[in-house]
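Peer 1: Just the structure for this:
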Amino acid sequence: MGIVMRAKRHFQECLRYAVAVSAAALFWLAVTASAETTASSSGSVTISAGDLTVTFVDNEACGKEHRAGYNGIARLTHAKQGENVFVPAYAGFNLEHIFGGDVMPDLFEPRHHPMRLRRLSTSAVELRQSPTPRSSVESTTRFTLVPPHSIDVEFRCVARDLTFFRHGYMGLFWASYIHAPEDRRVHFLGRGSGEAMSRWISADSARHGEASTHRGLSDPGEVFFAPDFNATLASHFSEWRFSEPFFCGRFRNMILIYMFDRARDVRFSQSPNGGGETNPAWDFQFLVRDVRVGTPYGYRARVVYKPFVSFEDAAEEFRQWRKQLPLSEK
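Peer 2: Below you'll find the model as predicted:
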């Protein structure tokens with residue numbers, strides 16, 4: 001009988017211990033879930049992976065420096081370069097304009113309309129915007145850190161109404177405000193007027209909105225711009241044509257590379273002082289011709305931030321990434 005009682009007490013103690021452990025586990029799961037929910041719904045999420053530390057933001061103000069009205073990447077640093085490549089008050093990969101060729105009453109509509117930032121995993125976030133008030137464009141951007149020095153981007157959008165897009169196309173424009181680089185130019189492989197072979201081109205503008213957009217060799221041609229169109233970077237063209245859909249820029253000891261899965265629908269843009277007197281803007285556009293209601297459109301991109309080796313090294317980064325893409329996206 002004594003043996004049975006001792007066994008019973010031991011079983012009860014084990015049961016109480018198991019219940020206590022389970023309760024503690026549930027408590028910490030609840031805390032973790034609450035923390036994740038808080039992080040997901042706040043105006044910023046910071047992720048470190050490989051050599052990169054990245055702070056993603058919606059259109060809300062964040063911290064002591066980042067202003068409201070800028071989205072995308074507020075801060076990007078590397079293990080070999082602790083200074084933020086982007087102007088601290090602004091952002092990079094910032095969805096700036098939605099246009100259809102006419103003058104825009106709200107030039108910065110996607111910066112003014114609320115966005116929702118959500119953490120998807122330890123390495124990914126999602127930035128979602130409900131249909132914008134004037135252009136009626138709904139969009140989702142997913143950023144995923146890929147060690148050691150890359151950020152993969154997947155963008156999708158849908159036009160819910162075509163009233164804003166009277167000329168048959170939809171344009172979206174992203175800006176990246178660079179924090180006082182020694183070299184404000186963007187560099188890409190391409191050709192000048194009359195040139196038969198591609199070479200490295202270093203493009204700059206004397207003034208904001210002058211020779212500011214660079215089209216690809218496969219660009220289908222002009223879209224409509226009204227005489228009073230007010231996103232001047234998008235509507236003033238250089239003589240250069242890029243031959244591969246990537247561009248890069250120098251920052252201190254680093255190189256920042258923007259790569260795209262297609263050339264036909266993408267255009268590069270730049271301003272010598274878009275982010276202030278010493279702060280150029282390294283920008284790009286995504287054009288949807290023959291836009292239709294309810295049809296999803298998008299692209300894939302990769303941002304690489306690493307110590308500078310050579311421009312040819314940047315081209316090799318692009319080639320290696322392109323090999324990873326599905327054939328339908330090349």
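Peer 1: Next, find the distance separating residue 55 from residue 44.
Peer 2: Plainly put, residue 55 is 6 Å away from residue 44 if you go by Cβ to Cβ, to the nearest Å. For glycine as for every other residue, the C-beta is placed from the backbone atoms N, C-alpha and C.
Peer 1: Which neighbours do those two have in common?
Peer 2: Residues touching both residue 55 and residue 44 (Cβ atoms under 8 Å, 6 or more residues apart in numbering): 62, 74.
Peer 1: Identify the residues contacting residue 209.
Peer 2: 232, 233, 236, 271.
Peer 1: Can you tell me which of those lies closest to residue 295?
Peer 2: residue 233 (26.7 Å; Cβ to Cβ).
Peer 1: immediately after the host helix or strand of that closest one, which helix or strand?
Peer 2: Per DSSP states H and E, residue 233 falls inside helix 232-235. Downstream of helix 232-235, the first helix or strand assigned by DSSP H and E is strand 237-242.
Peer 1: what's in contact with that next one?
Peer 2: Contacts for strand 237-242 (Cβ under 8 Å, 6+ apart): 188-193, 201, 203, 205, 211-217, 219, 263, 268.
Peer 1: circling back: tell me what the helix holding residue 233 is packed against?
Peer 2: On a contact count with 3 or more Cβ pairs under 8 Å, 6 or more residues apart in numbering; DSSP states H and E, helix 232-235 meets strand 169-175, strand 213-216, strand 266-271, strand 281-289.
Peer 1: what's the closest of these to residue 248?
Peer 2: strand 281-289 (8.8 Å).
Peer 1: Let's test this: mean pLDDT of the following helix or strand past that closest one, rounded?
Peer 2: For strand 281-289, the succeeding helix or strand toward the C-terminus, using DSSP H and E, is strand 296-307. For strand 296-307, mean pLDDT is 98.
Peer 1: quick one: low-confidence parts of the stretch 1-150 of the chain?
Peer 2: Counting by pLDDT under 70, the stretch 1-150 of the chain has low-confidence residues at 1-42.
Peer 1: Tell me who's in contact with the closest residue to residue 265 other than its chain neighbours.
Peer 2: Leaving aside its chain neighbours, residue 265 sits nearest to residue 287 (5.3 Å; criterion: Cβ to Cβ, 6 or more residues apart in numbering). Residues near residue 287 by Cβ under 8 Å, 6+ apart: 169, 170, 171, 223, 265, 266, 267.
Peer 1: So which of those is the closest to residue 160?
Peer 2: Nearest member of those to residue 160, counting by Cβ to Cβ, is residue 170, at 11.5 Å.
Peer 1: what residues are up against the closest one?
Peer 2: Residue 170 sits in contact with 98, 99, 100, 135, 137, 157, 159, 287, 288, 291, 297, where contact means Cβ under 8 Å, 6+ apart.
Peer 1: Show the model's pLDDT score for it.
Peer 2: On the pLDDT scale, residue 170 gets 98.
Peer 1: Check residue 326 too.
Peer 2: Taking residue 326 on its own, its pLDDT is 84.
Peer 1: Just the CA trace of stretch 67-75, in PDB.
Peer 2: What follows is stretch 67-75 as a C-alpha-only set of coordinates in PDB (Å, rounded to 0.1, in the frame of the first residue of the first chain):
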ATOM      1  CA  ARG A  67       9.900  62.000 -41.000                       C
ATOM      2  CA  ALA A  68       6.300  61.100 -41.800                       C
ATOM      3  CA  GLY A  69       5.500  60.700 -45.400                       C
ATOM      4  CA  TYR A  70       8.300  58.400 -46.400                       C
ATOM      5  CA  ASN A  71       8.100  54.600 -46.700                       C
ATOM      6  CA  GLY A  72      10.200  51.600 -47.600                       C
ATOM      7  CA  ILE A  73      13.700  51.500 -46.100                       C
ATOM      8  CA  ALA A  74      14.500  54.200 -43.600                       C
ATOM      9  CA  ARG A  75      17.900  52.800 -42.600                       C
END
